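Engineer: I would like to see how this sequence folds:
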Amino acid sequence: MRRLLAIAALLAPAAAAADPLTVTKTVSVVSDPLGNANPRSIPGAAADYRTRATNPLANIFKPVTGIRLEEPLAANLILYVGDLAGAGKGPVEFLDGSLLGLGLGSSTLSYGYVALTAAGDALEFSDGTGWGYQPVADAAGYDAKVRSVRVTLSGTFATNTSFQLRYRAKIR
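Structural biologist: Numbering: from 1, shown residues only. Purely as a prediction, here's the structure:
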């Protein structure tokens, strides 16, 4: 009987690997130091960086979990570490793919932020030497020592849905 179980286990199909997620990145300049109505990407300008991830319908029977995104910052960028999307929300905004905010088409992922110095929330920072760096905002809310941001989302990424992350950086 044991041999039969061992053979059956060897013949059983392995869990299929999920198809790749589609990830797109966009940048939009939100202000520049000259106060232009159409802000330009010049030193001192602030820009919003967005990363959108979509889980294809092909993954309907392949659960996608353990979503972790690392966002390295270019050498000429300084991360804004203040509250980007409202008080207490932190420097990275998580936007669920929900249709009109009604919960329809939700990615079913969640993002938990407590504080810049909190261990164990969804947001980590690196100064280039490791992931334990704790940001310190300057007078304008930026920290030039942050070289990378890592976001870990919890839950199972629903198929045929998306989410978006947004952070702001200033051009050196």
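
Engineer: roughly how far apart are Gln164 and Ser41?
Structural biologist: Gln164 is 21 Å from Ser41, where distance means CB to CB, to the nearest Å. The way it works is simple: take the backbone N, C-alpha and C, and place the C-beta from them, glycine included.

Engineer: cool, and Thr22?
Structural biologist: Applying CB to CB to Thr22 and Ser41 gives a distance of 26 Å.

Engineer: ok, so what distance separates the spatially closest residue to Ser154 that is not a sequence neighbour from Phe163?
Structural biologist: Leaving aside its sequence neighbours, Ser154 sits nearest to Ser110 (CB to CB, 6 or more residues apart in numbering; 5.3 Å). Using CB to CB, Ser110 is found at 10 Å from Phe163.

Engineer: For those two, indicate the residue with more neighbours.
Structural biologist: Each of Ser110 and Phe163 has its neighbours counted (other CB atoms under 10 Å); Phe163 has more, 25 against 13.

Engineer: Thr156 reaches Ser107, doesn't it?
Structural biologist: No - the pair Thr156 and Ser107 does not pass the contact test of CB atoms under 8 Å, sitting 9.2 Å apart.

Engineer: Counting neighbours, go ahead and name the busier of these two.
Structural biologist: A count of neighbours by other CB under 10 Å puts Ser107 above the other of Thr156 and Ser107, at 26 against 14.

Engineer: residues touching the more buried one, list them.
Structural biologist: Taking CB atoms under 8 Å, 6 or more residues apart in numbering as the criterion, Ser107 is in contact with Asn55, Asp96, Gly97, Ser98, Gly155, Phe157, Ala158, Thr161, Ser162, Phe163.

Engineer: Please give the element, helix or strand, for the closest residue in space to Leu21 that isn't next to it in sequence.
Structural biologist: Leaving out its chain neighbours, the residue that sits closest to Leu21 by CB to CB, 6+ apart is Ala53, at 5.1 Å. Per DSSP states H and E, Ala53 falls inside strand 46-55.
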